[in-house]
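*Asks:* What shape does this take:
(2 chains, ligands or ions: 2)
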Amino acid sequence: MLSVDKVSLSFGGFQALRAVSLVAMPASITGIIGPNGSGKSTLLNVVAGVYVPDSGAVTLNGRPLAYGRPEQVAAAGIGRTFQVPRLAHRLTVFQNMMAGERDQAGEGVFNLFLRPAAVSSREAEIAGRAEAMLKRLGLAHKANDYAGSLSGGQQKLLTMGMLLMSDPAVLLLDEPAAGVNPVLIEQQAALLHELKAEGRIVMLIEHNMEMIANVCDRVFVLDAGELIAAGTPAEIRADERVVRSYLGMPA
Amino acid sequence: MLDFAIYCLTIIAVWSVLGLSLNIQFGLTGLVNFGQVLPFGLGAYAAALAAQAGLPWPAGAALGLVVAVAVSLMVLLPARRLSQDYWALITLGAGELFRLTALNAPSLGGADGLTVPRFADPHLALGAALALMAAAWLVSHRISHSPFGRLLKVLREDEVLAATLGRNPVSYQRTVSIIAWAMAAAGGVLYAHIVGYVSPSSFTVTETFIVWTALILGGPGNNLGVVVGAAAVQLLSVSSRFVASWIDLPADVLANGRLALFGLVLVLMFLFRPQGLVPEKKEVRDAQRR
Ligand SMILES: Nc1ncnc2c1ncn2[C@@H]1O[C@H](COP(=O)(O)OP(=O)(O)OP(=O)(O)O)[C@@H](O)[C@H]1O
Ligand SMILES: [Mg+2]
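*Replies:* Numbering: from 1, shown residues only, chains lettered A, B, ... in the order given. Ligands and ions are numbered 1, 2, ... in the order given. Model (predicted):
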């Protein structure tokens, strides 16, 4: 269980998060919605170890996460994507995918020069999985293209695949469906359901309410850094405060 | 004339080592080292000091590598949490600090420098330089085409991404610095034994600038490109000396003119061919091969 407990954070005088508490369970998809600037990405950055909160705590299965050390949070099994996808643009899609695996014998210099056989057998194994992952995401035909040449939607898929190479227990996704065509969104939704079925904790920031309704088990609503509602997608749709501050009047 | 050609080849090999070292730092990892002359100078002075103390050359070589690695870690320490711009300034400053120290410390010979036993035979010097270049090449090649090199390129493209993928950027940058600085220091040791003396005027910002010109001209990220760039820059340098002697150009005008020429080369490369003469190759996976 991923638990965010009374997390507050301010940038200078601006209070971006006000005592936000929420939990995300394994084998479920947790949505976070709210107006632009309500603090969704900021919250995700706290969980991912980019920002250090002023107060409050983030724990995974009861263990506190390292604040301000994203590489340690990632090593604890928490993968995150960015609102604007981050990729190594001048590496191929395949190489990006390979780099997603954290545990690489060939990244140690001593192994490189003294245990070449161990390096290449591990490399072959990772390559096999990278290939399978590209197939799963429908990107196999792009394997040898530069990652920077992919469309925005494809880049988002690739970043998810890179994270999955290290088999994370938690996936934090920042607007995976934004700017993505409907077919690809459907593909993403199917992937999210698979990840849920695999028992992972999936946390999803989205403005696409159809996607939220389709995949989320539970939704938290942020407004001006404050949690204003929580519940199933249906409950959230009916919540007067959420409608007022975010969803707008139903047609 | 043959002797001169041998000398040119020897110098090209030494500068290729410097270029390969810079390529690991900048071409692969994106570290902007504007003090590349520092490990080079440390190696050269270590060779000189060991020789002054009556020690055999391997002692000087060992000293040079150890000192260069230690200094690289020291320079890295403040740069740790700083952005790349500061990294550039810190390395630039560290290089100058070393030169000024050498200039003003009597034990380092001051402006006159120190003498170093020379290779008895220019062929031997050439052989040693080529051997060192081959070793630097092999190390660079192994790194470029390995999972380690792949991660370095990820780091080059986006440090935040590397951290997000669970890698600590600083620890990779540290490893890169150790390898690259040791490589450049080895070049410095050899250089000292080739030219037979060390003095502060051989280790100025200009030297760093020349290595950068070679790298940008040849192709950052491509080892072959670096060697091509080093050769081109040295040949340009040598031929400018001939031209100067034909048209009776004073030495200082020649030196400045040469720098201006390299500056022009840099500007043209950035404008028209930022990937260099021999661009970094795309690592294509051949699915049939397995
Ligand atoms: N590093 C920062 N420094 C200063 N202010 C910041 C920083 N990061 C975010 N903010 C501010 O915090 C607020 C919340 O930003 P955040 O990116 O979390 O919004 P969001 O809910 O993700 O919005 P969107 O839906 O537009 O992505 C905004 O007002 C933003 O300007
Ligand atoms: Mg956001």
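*Asks:* Give me the helices and strands touching the host helix or strand of residue A:8, please.
*Replies:* If you go by DSSP states H and E, residue A:8 is part of strand A:2-11. Under the contact criterion of 3 or more Cβ pairs under 8 Å, 6 or more residues apart in numbering or on different chains; DSSP states H and E, strand A:2-11 touches strand A:14-24, helix A:40-47, strand A:55-60. Where C-beta positions appear, they are placed from N, C-alpha and C, glycine not excepted.
*Asks:* Quick check: beta-bridge partners of residue A:22?
*Replies:* Beta-bridge pairing for residue A:22 (DSSP bridges): residue A:4.
*Asks:* what's the neighbour count on it?
*Replies:* When counting by other Cβ atoms under 10 Å in any protein chain shown, one arrives at 19 neighbours for residue A:22.
*Asks:* Tell me the pLDDT of the residue in chain A positioned nearest to chain B.
*Replies:* Ranking the residues of chain A by distance to chain B (Cβ to the nearest Cβ) places residue A:106 first, at 3.2 Å. Per-residue pLDDT puts residue A:106 at 91.
*Asks:* so what's it up against?
*Replies:* A:112, A:119, A:120, A:122, A:123, B:146, B:147, B:148 (Cβ atoms under 8 Å, 6 or more residues apart in numbering or on different chains).
*Asks:* Pipe those residues into CSV and attach pLDDT and distance to residue B:43 per row.
*Replies:* Shown next, in CSV, are the contacts of residue A:106 (pLDDT from 0 to 100; distance: Cβ to Cβ, whole Å):
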residue, pLDDT, distance to residue B:43
A:112, 93, 24
A:119, 94, 30
A:120, 94, 33
A:122, 95, 35
A:123, 94, 34
B:146, 95, 26
B:147, 96, 29
B:148, 97, 24
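*Asks:* Just the buried ones out of those residues, please.
*Replies:* Among those, those classed as buried by 16 or more other Cβ atoms under 10 Å in any protein chain shown are A:112, A:119, A:122, A:123, B:146, B:147, B:148.
*Asks:* how about those in TSV, adding secondary structure and distance to ligand 1?
*Replies:* Formatted as TSV, those follow (DSSP: H, G, I helix; E, B strand; the rest coil; distance: Cβ to the nearest ligand atom, whole Å):
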residue	secondary structure	distance to ligand 1
A:112	helix	37
A:119	helix	39
A:122	helix	38
A:123	helix	38
B:146	coil	35
B:147	helix	33
B:148	helix	32
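*Asks:* From those residues, pick the one nearest ligand 2.
*Replies:* residue B:147 (32.6 Å; Cβ to the ion).
*Asks:* Once you drop chain neighbours, what's closest to the closest one?
*Replies:* Leaving aside its sequence neighbours, residue B:147 sits nearest to residue A:106 (Cβ to Cβ, 6 or more residues apart in numbering or on different chains; 3.2 Å).
*Asks:* Distance check, that neighbour against ligand 2.
*Replies:* With distances taken as Cβ to the ion, to the nearest Å, residue A:106 is found 35 Å from ligand 2.
*Asks:* One more: residue A:141?
*Replies:* In terms of Cβ to the ion, residue A:141 sits 31 Å off from ligand 2.
*Asks:* SS state for that residue?
*Replies:* helix (DSSP: H, G, I helix; E, B strand; the rest coil).
*Asks:* repeat for residue A:32
*Replies:* What three-state DSSP gives for residue A:32 is strand.
*Asks:* okay, now residue B:274: neighbour count?
*Replies:* Neighbours of residue B:274 under the rule other Cβ under 10 Å: 11.
*Asks:* Surely it is in a helix?
*Replies:* No: the assignment for residue B:274 (three-state DSSP) gives coil, which keeps it out of a helix.
*Asks:* pLDDT score for it?
*Replies:* pLDDT, residue B:274: 88.
*Asks:* Equivalent analysis for residue B:89, please.
*Replies:* 88.
*Asks:* can you pull the contacts of it?
*Replies:* Residue B:89 sits next to residue B:34 when contact means Cβ under 8 Å, 6+ apart.
*Asks:* Next one: it from ligand 2, what distance?
*Replies:* When residue B:89 is compared with ligand 2 (using Cβ to the ion), they lie 33 Å apart.
*Asks:* Name the SS class of that residue, please.
*Replies:* From three-state DSSP, the assignment for residue B:89 is helix.
*Asks:* Give me the spatial nearest neighbour of residue 40, chain neighbours excluded.
*Replies:* Just so you know, I chose chain A. residue A:205 (4.6 Å).
*Asks:* Actually, chain B is the one I wanted.
*Replies:* Closest to residue B:40 by Cβ to Cβ, 6+ apart is residue B:188, at 4.2 Å.
*Asks:* Let me know whether the one you found touches residue B:67 as I believe.
*Replies:* No: Residue B:188 is beyond contact range of residue B:67, at 10.2 Å (criterion: Cβ atoms under 8 Å).
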